[in-house]
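S.K.: mind looking at a prediction? Sequence and model below.
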Amino acid sequence: MVLVSAAGQRLSWHESAARHLRALRQHPRAAVRTAAYATVTASE
C-alpha cells in the first residue's frame, strides 16, 4: 500500500498507479482494502 501510494503521488496518479490502487481496493484482507480506500488519487 505504501509503495502504490508513493508511486502514485510521484507520478501524479498516472493510470498504472491508479489501476494498482483500484486492485488493492478489492484485496481479500480488510486492512489492505481500508488503507486503499483511505488513499485518494489526484483525479478523485
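M.R.: Alright, I've got the coordinates.
S.K.: residues in contact with residue 36?
M.R.: Taking CB atoms under 8 Å, 6 or more residues apart in numbering as the criterion, residue 36 is in contact with 1, 4, 21, 24-25, 27. Backbone N, C-alpha and C define where each C-beta goes, glycine included.
S.K.: wait, which of those is closest to residue 39?
M.R.: Of all the contacts of residue 36, residue 21 has the smallest distance to residue 39: 6.1 Å, by CB to CB.
S.K.: that closest one contacts residue 39, doesn't it?
M.R.: Yes - Residue 21 sits in contact with residue 39 when judged by CB atoms under 8 Å, with a separation of 6.1 Å.
S.K.: quick one, which of the two is more surrounded?
M.R.: Remark: of residue 21 and residue 39, residue 21 carries more neighbours, 21 against 17, as counted by other CB atoms under 10 Å.
S.K.: may I ask which helix or strand encompasses that one?
M.R.: In this structure, residue 21 sits in helix 15-24 according to DSSP states H and E.
S.K.: residues touching the residue nearest to residue 36 when sequence neighbours are not counted, list them.
M.R.: Leaving aside its sequence neighbours, residue 36 sits nearest to residue 24 (CB to CB, 6 or more residues apart in numbering; 3.8 Å). Shown in contact with residue 24 (CB under 8 Å, 6+ apart): 1, 4, 32-33, 35-36.
S.K.: hmm, which two among those residues are most spread apart?
M.R.: Spanning the widest gap among those are 4 and 33, at 12.9 Å by CB to CB.
S.K.: those two: who's more crowded?
M.R.: Neighbours around residue 4 and residue 33, counted as other CB under 10 Å, are more numerous at residue 4. The numbers are 19 against 15.
S.K.: any idea how many residues pack against the residue lying closest to the more buried one once chain neighbours are set aside?
M.R.: In space, not counting the residues next to it along the chain, residue 4 is nearest to residue 20; the distance is 4.8 Å by CB to CB, 6+ apart. The local packing of residue 20 (other CB under 10 Å) involves 17 other residues.
S.K.: what sits against residue 20?
M.R.: Contact partners of residue 20, counting by CB under 8 Å, 6+ apart, are 4, 7-8.
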